[in-house]
Each structure stands twice: as C-alpha cells, then as structure tokens.
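**Q** Let's see this in three dimensions:
(chains A and B)
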Amino acid sequence: NAGVTQTPKFQVLKTGQSMTLQCAQDMNHEYMSWYRQDPGMGLRLIHYSVGAGITDQGEVPNGYNVSRSTTEDFPLRLLSAAPSQTSVYFCASSYSIAGGASTGELFFGEGSRLTVL
Amino acid sequence: SQKIEQNSEALNIQEGKTATLTCNYTNYSPAYLQWYRQDPGRGPVFLLLIRENEKEKRKERLKVTFDTTLKQSLFHITASQPADSATYLCAPYNFGNEKLTFGTGTRLTIIP
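**A** Predicted coordinates for the structure are as follows:
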C-alpha cells in the first residue's frame, strides 16, 4: 500500500494563478480531509469528505474548493491564489473519524509546500 | 468556541529522563483524544488513542492519561531518547464529530 499520496511536493505560484493539489489514497477510506499548517497556528481543517459525492467545510475553507468523485481521490483547488495561502498542505484519510470501535486515526500524506508570490 | 492548548511550544529534556507534554481543552467535552507525532518535513503519524473511560493507556515507552474533570491529557515518554525528538500533537474529539481539530503542538528535543 502506498497510503496517502500527495502531489506536487513543492509548488510556487504567482498571485491570481490557479492550481490543484492532488491527493489519493489506496486504503479504501471513506473519510478524507485537507489541512493547512502554518507556524504557530497548527493544523487547520480546510475541507473534508465522508464519502464519494459528499464534501463539507472545515475551519478555513475560503479560497479553496474540493470535490470527491471517487473514494480514492480528493483534490484541493485554489481558484485564485493569494500570498495568504502560502502554507504546507496535508491530506489525510481515515477508515472512520467517528471513533467507536476503530481508533479513528488519520493517515497523513507527506505534505505539499505551496508558496504564493 | 472550542480551544486546545498544548503546554509549550518547545520542551528540552535530558536523555533518559521522562518527558511530559500537556494538552488542555476548553468549551467542550471530548470522549476521545488522539496523540500524533510529526517529524520535520513529514506528515503527522498517529501514536495513541485514549477514550474517556480509560484514564490511562500505555504503548511501549509511551503513556497517556485523560482527565475529563481537569479537561487535560498528559503524554509521557519514559527513558527518552534523541530519536524521540519531534513535534507532538493532540486532538480531542467526540463520536460522530467529523472535524478533527488539533492543538498547535509541542516541539520536544531530547538532549544527549
């Protein structure tokens, strides 16, 4: 198993450009999410999905779009990049985020470092 | 609003000693609490989950406690080693809560 794969690992954009961060998992997880991590701010949830065709907003969704057409993929789109979106982005997946019988643990990708000039 | 605080941004501990990290939360009552480890330039990795009725959980040199009265979890690493140096993140949550929120993390350095 590859786990959670994110591409690209590094990207530099100019203000106003658009791009898509790709995330794929091969663990048949229903739950997937995107976080951004900034110094002193910790991990902040951008968007999440509990299954194909279902997405919802997290704590900091503005400026980002997501879709979930398959169980495996959960791309994050920046429609018009801004310097405030310079960050490290992490995609994560889980069999079940709700706890209960499972641990609800998140499996994270290695991150995508985005710089917006 | 819900708030999660981890005791300090950075903690330096002498090798062989016990490192204790604190996770405090306010304005909610989680039934579960997860701890993760994050190495520089890498994604977080799950370490342990503790449930509200467990009070204490151990895994090798790791021990986690969960005090719902104090609204606090303590994360201990005994016989610490330089390889334990990393940032540790806590994430309290409830069953059915689909938004997992993390503390800002504590950067632990074990000094040889």
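
**Q** drop to CA atoms for contacts and neighbour counts, all remaining ones
**A** Fine.

**Q** State the distance from the closest residue in space to residue B:111 that isn't next to it in sequence to residue A:76.
**A** Of all residues not flanking residue B:111 in the chain, residue B:14 sits nearest, at 4.8 Å (CA to CA, 6 or more residues apart in numbering or on different chains). Computed as CA to CA, to the nearest Å, the residue B:14 to residue A:76 distance reads 42 Å.

**Q** Show me where chain A has its strands.
**A** Under the criterion DSSP state E, chain A contains strands at A:4-7, A:10-13, A:19-25, A:31-38, A:42-51, A:54-57, A:64-66, A:76-78, A:87-94, A:107-108, A:112-116.

**Q** Now for the residue nearest to residue B:111, how many residues are close by?
**A** 15 (other CA atoms under 10 Å in any protein chain shown).

**Q** any idea how far it lies from residue B:48?
**A** 23 Å.

**Q** and if you look at residue B:18?
**A** Counting by CA to CA - residue B:18 and residue B:48 are separated by 18 Å.

**Q** So for those two, which sits in the more crowded spot?
**A** residue B:48 (20 against 17).

**Q** Name whatever forms a beta bridge with that one.
**A** With DSSP bridges applied, residue B:48 shows beta-bridge pairing to residue B:35.

**Q** Return the residues in contact with it.
**A** Each residue near residue B:48 by CA atoms under 8 Å, 6 or more residues apart in numbering or on different chains is listed here: B:34-36, B:59, B:64.

**Q** Could you point out which of those is nearest to chain A?
**A** residue B:34 (7.6 Å; CA to the nearest CA).
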